[in-house]
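Novice: Show me how the following folds:
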Amino acid sequence: MKLAVWTYEGPPHVGAMRVATGMRSLHYVLHAPQGDTYADLLFTMIERRNQRPPVTYTTFQARDLGSDTAALFKRATQEAFERFAPQAMIVGASCTGELIQDDPAGLALALQLPIPVIPLELPSYQKKENWGAAETFYQLVRHLVKARAQAKPQHDAEPAAEHSTEVSAEHPAVSCAEYSAESSARRPRCNLLGPTALGFRHRDDVKEISGLLNAIGIDVQTVAPLGADPQAISRLGEADFNVLMYPELGLQAAQWLQKNCAQPFTKEIPIGIKGTKRFIDEVAGLAGLDLDPSQIESLSAAARSGWYARSVDSNYLHGKRVFVFGDATHALAAARMASEEIGLQVVGIGTYSREWAREIRSLAESLGAVALISDDYLEVERAIDELQPELVLGTQMERHIAKRLRIPCAVISAPVHVQDYPSRYSPQMGFEGSNVLFDTWIHPLMMGLEEHLLAMFREDFEFHDGQSPSHLGTGATQAQSRSFSVSQSQNSSMSESQTGSTSQSQGLAENTVQIDLANGTVAERAVQQSANEPIWEVDAEQELKKIPFFVRGKARKNTELFARNQGLSRITIKTLYDAKAHFAR
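Specialist: A predicted model of the protein is given here:
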């Protein structure tokens with residue numbers, strides 16, 4: 001654990017909260033201090049849910065540590081059961097509560113509640129949010145679904161957890177074997193596994209994939225954890241197979257169901273046109289369906305992104321360099337779609353999900369890209385700065401990084417901010433998802449071209465900002481052009497002599513801001529520039545601005561590197577073009 005201003009994942013108990021919040025009639029009792037209640041804001045402010053998460057915090061304080069915190073936990077659990085009357089409860093401790101070692105599982109078992117109470121052992125200092133969500137979902141499945149007897153011999157059966165209770169008589173556990181006889185008399189049906197609260201477009205992905213499966217003749221029995229209750233979880237064994245939508249969150253549960261209920265699960269992620277078609281072929285095979293190719297073509301006709309990617313308007317986008325970073329599911333799928341369907345060149349692909357490092361590195365090798373496995377946003381920023389892509393596909397943090405580096409960016413993965421939980425329908429999966437992705441990825445590049453054209457013609461005598469609109473006629477009052485410069489010292493509180501000596505000793509120049517109202521330009525030059533760095537001349541800076549902004553950073557970096565290697569102290573227009581010729585070779 002380390003202190004940072006940004007983290008891609010929270011502690012594992014936040015993952016457990018995502019599962020509990022997405023479900024119905026499940027309550028989470030969390031042994032945690034008052035400060036850990038911040039997690040509620042993730043769901044009410046960021047995801048904009050209309051109700052608080054179903055979580056009861058013990059909210060112990062410093063003065064409680066000298067008394068019986070175990071009694072505090074038992075009282076909170078009993079009160080939560082009486083107040084909310086859930087079908088099942090999960091209990092655990094936050095990273096701070098874990099240090100007290102009060103054993104929430106044993107304390108909850110001692111209460112002998114008439115509902116299943118499922119203990120969570122989430123090592124806060126070794127694991128993170130996605131692992132916590134996956135483990136919570138797995139424990140729910142493991143405790144609520146009764147294994148199929150014929151799936152494996154009784155003496156090999158997996159032992160029950162130390163602290164567990166049987167499902168109540170009101171909501172009995174369901175054996176997988178009860179449903180095998182009726183499977184031939186109905187349409188194939190499946191479960192959708194993995195979507196949770198606070199997931200990136202999970203709500204819309206569920207709707208898109210459910211509609212797609214229904215269109216090819218497959219019923220969706222249960223979506224879990226999102227929208228399910230404990231009773232629905234206990235009946236997961238009714239389905240013929242499982243659709244694993246998000247492997248980081250549902251793989252453990254899918255593997256348990258495969259082993260104990262003989263339910264196969266899908267491996268393909270339906271993101272992009274080709275990914276969705278591979279997914280349809282896979283589920284058709286699992287369901288025993290013989291689909292007419294014309295039916296698949298009819299469904300894929302809704303995906304306009306394929307035609308857009310091949311159109312003349314998109315030709316200039318082909319070969320653009322892209323850097324992809326996010327959770328493994330979205331990063332892998334985005335890299336494949338960018339390379340296979342849009343024609344972008346993937347120069348880097350990474351994830352903060354260390355458990356999926358092998359898959360990321362394998363895909364990176366096949367694409368000839370750099371692989372990055374890290375949860376340090378500063379390391380990600382350095383990689384982007386070195387690779388100088390023309391488009392970044394990442395999380396909310398990569399949006400900030402790209403903005404600082406003036407590189408177009410689109411968000412493709414959690415963690416995200418409130419603007420990426422839209423009220424509109426905006427899936428990432430399926431054929432409609434491919435349309436959403438194409439628009440989301442390509443529009444930043446389109447706007448980049450538009451901004452470059454505006455910058456190119458800003459000094460034109462007809463188009464500069466001081467020129468009145470043409471429809472007002474020649475008699476309209478013209479805005480008067482004026483320019484001024486404002487100089488600021490490095491530290492205004494220092495005396496002039498102190499500032500001079502400090503600047504000389506540190507090799508720093510004062511900030512100079514030039515504002516030209518007629519041309520609408522603001523240029524800030526020589527900001528904390530080291531004395532041993534080459535200095536850009538004004539005309540060279542102006543020439544640099546003619547380069548599109550989304551590759552301008554790379555051009556500046558290469559030119560400065562060339563100047564240093566040549567021992568030049570000043571960068572002129574000639575230096576700029578010499579550097580261009582040098583790196584072109």
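Novice: mind showing which ranges of the stretch 101-250 of the chain have poor pLDDT?
Specialist: For the stretch 101-250 of the chain, the stretches with pLDDT under 70 are 147-184.
Novice: Equivalent analysis for the chain, please.
Specialist: Along the chain, the model assigns pLDDT under 70 to residues 1-5, 61-67, 147-184, 312-316, 447-532, 549-550.
Novice: try 80
Specialist: By pLDDT under 80, the low-scoring segments of the chain are 1-6, 34-39, 60-69, 96-102, 146-185, 309-317, 445-532, 548-551, 584-585.
Novice: Tell me how many other residues surround A581.
Specialist: 10 (other C-beta atoms under 10 Å). In short, each C-beta sits where N, CA and C put it, glycine included.
Novice: Pull the distance from the host helix or strand of it to the chain's centre.
Specialist: Here A581 sits within helix 573-584, counting by DSSP states H and E. How far helix 573-584 lies from its chain's middle: 39 Å, per C-alpha atoms, centre = their mean, to the nearest Å.
Novice: Tell me the secondary structure at T56.
Specialist: With DSSP: H, G, I helix; E, B strand; the rest coil as the basis, T56 sits in strand.
Novice: so who does the closest residue to it other than its chain neighbours touch?
Specialist: Distances taken as C-beta to C-beta, 6 or more residues apart in numbering put A80 closest to T56, at 4.1 Å, once the chain neighbours are dropped. A80 makes contact with H27, V29, T56, P86, M89, according to C-beta atoms under 8 Å, 6 or more residues apart in numbering.
Novice: Give me the sheet partners of the helix or strand where the first one lies and which way each runs.
Specialist: It refers to H27. If you go by DSSP H and E, H27 is part of strand 26-31. Note on strand 26-31: by DSSP bridges, its sheet partners are strand 55-57 (parallel), strand 88-93 (parallel).
Novice: is it possible to export the ones you listed to TSV including distance to H202 and mean neighbour count?
Specialist: Listed next are those as TSV, based on distance: least, C-beta to C-beta, whole Å; neighbours: other C-beta atoms under 10 Å:
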stretch	distance to H202	mean neighbour count
strand 55-57	19	22
strand 88-93	20	27
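Novice: Which among these is found nearest to D539?
Specialist: strand 55-57 (61.9 Å; C-beta to C-beta).
Novice: List the buried residues for the helix or strand immediately after that closest one in the chain?
Specialist: Going down the chain from strand 55-57, the next helix or strand is helix 69-84, by DSSP H and E. Across helix 69-84, burial judged by 16 or more other C-beta atoms under 10 Å covers T69, A70, L72, F73, K74, A76, T77, A80, F81.
Novice: Enumerate the positions of stretch 570-585 that are buried.
Specialist: Going by neighbour count (16+ other C-beta under 10 Å), the buried part of stretch 570-585 is I571, T572, T575, L576, D578, A579.
Novice: Please verify my assumption that the last one contacts N558.
Specialist: Yes - here A579 lies in contact with N558, judged by C-beta atoms under 8 Å, at a distance of 5.7 Å.
Novice: For R404, grab the count of nearby residues.
Specialist: 11.
Novice: Helices of the stretch 101-250 of the chain, start to end?
Specialist: 104-110, 129-144, 202-215, 230-234, 247-261 (DSSP state H, counting those that start in this stretch).
Novice: so what does the first one touch, helix or strand wise?
Specialist: What that stands for is helix 104-110. strand 26-31, helix 69-84, strand 88-93, strand 117-119 (3 or more C-beta pairs under 8 Å, 6 or more residues apart in numbering; DSSP states H and E).
Novice: if we go to 6 Å?
Specialist: helix 69-84, strand 88-93 (3 or more C-beta pairs under 6 Å, 6 or more residues apart in numbering; DSSP states H and E).
Novice: could I have the first one exported to CSV, CA atoms only?
Specialist: Extracted as CSV, the C-alpha positions of helix 69-84 are listed here (Å, rounded to 0.1, in the frame of the first residue of the first chain):
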residue,chain,number,x,y,z
THR,A,69,-15.7,-3.4,19.2
ALA,A,70,-16.9,-7.0,18.7
ALA,A,71,-20.1,-6.2,20.5
LEU,A,72,-20.5,-3.1,18.3
PHE,A,73,-20.3,-5.3,15.2
LYS,A,74,-22.8,-7.8,16.5
ARG,A,75,-25.2,-5.1,17.4
ALA,A,76,-24.9,-3.5,13.9
THR,A,77,-25.5,-6.8,12.2
GLN,A,78,-28.6,-7.6,14.3
GLU,A,79,-30.0,-4.2,13.7
ALA,A,80,-29.4,-4.4,9.9
PHE,A,81,-31.2,-7.7,9.7
GLU,A,82,-34.2,-6.4,11.6
ARG,A,83,-34.4,-3.1,9.7
PHE,A,84,-33.8,-4.3,6.1
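Novice: can you give me the angle that helix makes with strand 88-93?
Specialist: Helix 69-84 and strand 88-93 meet at an angle of 150 degrees, taking axes from the mean of the first three to the mean of the last three C-alpha atoms, to 10 degrees as the criterion.
Novice: What sits closest to R556 if chain neighbours are left out?
Specialist: Take R556 and drop its neighbours on the chain: the residue closest to it by C-beta to C-beta, 6+ apart is L544, 6.3 Å away.
Novice: State the phi and psi torsions of the one you found.
Specialist: Note on L544: its backbone torsions stand at phi -60, psi -30 [degrees, to the nearest 10].
Novice: one step back: can you list the residues that contact the helix or strand following the strand holding H27?
Specialist: The C-terminal neighbour of strand 26-31 among helices and strands, as given by DSSP H and E, is helix 40-41. With contacts defined as C-beta atoms under 6 Å, 6 or more residues apart in numbering, helix 40-41 is touched by R52, P53.
Novice: that older thread, of the buried residues of stretch 570-585, closest to L113?
Specialist: Nearest to L113 among those is A579, at 72.3 Å by C-beta to C-beta.
Novice: which ones are touching the closest one?
Specialist: Contacts here follow C-beta under 6 Å, 6+ apart; on that basis A579 touches N558, T559, F562.
Novice: measure the first one to E47 for me?
Specialist: Going back to what we said before, that points to N558. Separation of N558 from E47 (C-beta to C-beta, to the nearest Å) stands at 42 Å.
Novice: who's the closest residue to A357 other than its chain neighbours bridged to?
Specialist: The shortest distance from A357 to any non-neighbouring residue, by C-beta to C-beta, 6+ apart, is to I373 (4.4 Å). Counting by DSSP bridges, I373 is bridged to T351.
Novice: Could you check how many residues crowd around I373?
Specialist: I373 sits with 18 neighbouring residues when counted by other C-beta under 10 Å.
Novice: before we move on, the earlier item: can you lay out the buried residues of stretch 570-585 as JSON lines showing distance to D327?
Specialist: JSON lines is the format used below for the buried residues of stretch 570-585 (distance: C-beta to C-beta, whole Å):
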{"residue": "I571", "distance to D327": "41"}
{"residue": "T572", "distance to D327": "47"}
{"residue": "T575", "distance to D327": "43"}
{"residue": "L576", "distance to D327": "41"}
{"residue": "D578", "distance to D327": "44"}
{"residue": "A579", "distance to D327": "39"}
